[in-house]
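*Asks:* Pasting a predicted model and its sequence here:
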Amino acid sequence: MTGLHLRGVVLPEGGAPRDLWVVNGRIRTRPVPGATTVSDGGYLVPGLVDAHCHVGLGPHGAVDLPAAVDQALANRDAGALLLRDCGSPLDTRPLQERLDLPRVIRAGRHLARPRRYIRYLGHELEDPADLPAAVAQQVADGDGWVKLVGDWIDRDTGDLAPLWTEDVLVEAIKVAHEGKARVTAHVFGEEALPALLNAGIDCVEHGTGLTDDAIELMARNGTALVPTLINVVENFPSIAAGADRYPVYQAHMRDLHARVDRTVAKAVEAGVPVFAGTDAGGGIAHGRVVDEVEALHRVGLTAEQALGAASWAAREWLGFPSLTEGAAADVVVYESDPREDLAALRRPRLVMLRGRIHG
């Protein structure tokens with residue numbers, strides 16, 4: 001039996017350096033005779049996770065498959081070896097067949113209403129009562145996640161407003177759960193949150209409008225938050241600047257932007273599970289997961305918690321083990337301890353995906 005050998009401090013356990021072996025793309029914790037040492041020293045981190053990105057999406061809609069490959073490679077080179085694709089207009093299943101690309105968990109298409117989301121992104125339902133059936137279709141087509149658009153600007157009222165009533169959401173989320181899938185929702189404002197949370201939503205994306213009551217309910221139910229901080233910080237000002245026709249919405253978006261750090265900090269303090277996601281694919285470039293890790297640290301996660309939110313904790317949340325016996329050999333090696341200095345994450349010494357070395 002031949003294999004590869006790595007030695008270093010294994011995170012999140014830490015402590016003294018120890019040895020891992022890789023055979024047929026899987027981690028082994030017992031010695032493998034004849035294994036070739038490919039890394040000796042440093043810190044061995046379970047492959048990073050971007051828990052909210054959009055592979056196959058560009059600023060103007062779907063990109064072609066070669067461009068989607070480039071997006072996936074940008075993530076891989078940054079150490080992000082597991083991607084939760086939170087809605088894409090491109091069928092990215094061909095990417096899942098390539099051993100050199102990160103693992104992709106597909107959420108299919110966004111489920112929205114006419115004129116209530118970016119027009120080229122989602123399936124638009126004329127009748128909101130059709131949501132449960134649409135969710136059932138996405139469950140069948142996806143990889144265990146369904147993405148709803150929870151709120152968007154309502155041009156008739158001039159501000160953010162919910163797309164769905166609570167009774168429809170209850171039925172739709174029940175359909176997903178019966179199909180062994182989880183449901184997440186894009187939510188910017190405050191108004192859509194009670195119905196989504198009462199209906200049993202599994203995750204909130206962005207969550208800039210989280211109220212104290214919503215945070216308390218999320219913490220109690222274990223509802224996850226993926227705040228996409230770099231997207232909010234960088235893109236909300238331009239969204240607001242282009243909304244002169246809707247002054248209430250414009251002011252609302254600016255207010256959400258101004259207090260996003262405090263909002264997410266409250267969620268962290270309350271014990272809401274928080275994970276790293278960049279929202280790459282539209283206004284954010286792929287491969288920026290380290291920026292999001294640093295942003296999470298800025299709002300109150302310790303450096304180790306912020307790293308875990310983009311590594312071992314996120315992997316566990318998504319159903320992927322870390323560096324344990326039999327786990328996939330998805331490893332990033334760093335020269336220095338990223339728990340002490342998150343900037344170390346920008347300098348991977350070795351990236352191993354499925355037991356293959358890519359840098």
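*Replies:* Nice, thanks for sending it over.
*Asks:* Strands of the stretch 101-250 of the chain, start to end?
*Replies:* Here the stretch 101-250 of the chain has its strands, by DSSP state E, counting those that start in this stretch, at 103-106, 110-112, 122-124, 145-149, 151-154, 159-162, 182-187, 203-206, 224-226.
*Asks:* Three-state assignment for Pro33, please.
*Replies:* Three-state assignment for Pro33 (DSSP: H, G, I helix; E, B strand; the rest coil): coil.
*Asks:* Got the phi and psi for it?
*Replies:* phi -60, psi 140 (degrees, to the nearest 10).
*Asks:* That one: how many residues sit nearby?
*Replies:* Pro33 has 8 neighbours, counted by other C-beta atoms under 10 Å. All C-beta spots, glycine's among them, are computed from the backbone N, C-alpha and C.
*Asks:* cool, Leu95 as well?
*Replies:* Leu95: 22 neighbours (other C-beta under 10 Å).
*Asks:* Tell me where the model's unsure across the chain.
*Replies:* 1 (pLDDT under 70).
*Asks:* Scan it for its longest strand.
*Replies:* strand 36-46 (DSSP state E).
*Asks:* Adjacent strands (with direction) for the helix or strand containing Arg7?
*Replies:* Assigned by DSSP states H and E, Arg7 falls within strand 4-10. Sheet pairing of strand 4-10 (DSSP bridges) gives strand 18-23 (antiparallel), strand 36-46 (parallel).
*Asks:* Nearest to Leu229, out of those strands?
*Replies:* For the strands paired with strand 4-10, proximity to Leu229 was assessed by C-beta to C-beta; strand 36-46 is nearest, at 20.9 Å.
*Asks:* hmm, back to that, what are the buried residues along the longest strand of the chain?
*Replies:* Within strand 36-46, the residues that qualify as buried are Ser39, Gly42, Tyr43, Leu44, Val45, Pro46, counting by 16 or more other C-beta atoms under 10 Å.
*Asks:* List the contacts of the nearest residue to the last one once chain neighbours are set aside.
*Replies:* Using C-beta to C-beta, 6 or more residues apart in numbering and skipping the chain neighbours, the partner closest in space to Pro46 is Ser322 (3.9 Å). Residues in contact with Ser322, defined by C-beta atoms under 8 Å, 6 or more residues apart in numbering, are Pro12, Pro46, Ser311, Trp312, Arg315, Glu316.
*Asks:* Find the nearest non-adjacent residue to the last one, please.
*Replies:* Spelled out, it's Glu316. Ser322 (7.3 Å).
*Asks:* and what of the fourth one?
*Replies:* When the adjacent residues along the chain are set aside, Trp312 lies closest to Ser322, with 4.5 Å between them (C-beta to C-beta, 6+ apart).
*Asks:* wait, doesn't Asn221 sit right on Leu196?
*Replies:* No: using C-beta atoms under 8 Å, Asn221 is not in contact with Leu196, being 11.4 Å away.
*Asks:* Have a look at those two and say which one is more surrounded.
*Replies:* Leu196 (26 against 14).
*Asks:* list the contacts for the residue most central in space within the chain?
*Replies:* Compute the mean C-alpha point of the chain, and by C-alpha atoms, centre = their mean the closest residue is Ala51, 1.4 Å away. By C-beta under 8 Å, 6+ apart, the residues touching Ala51 are Arg84, Val226, Phe275, Ala276, Gly277, Ala310, Ala314, Trp317, Leu318.
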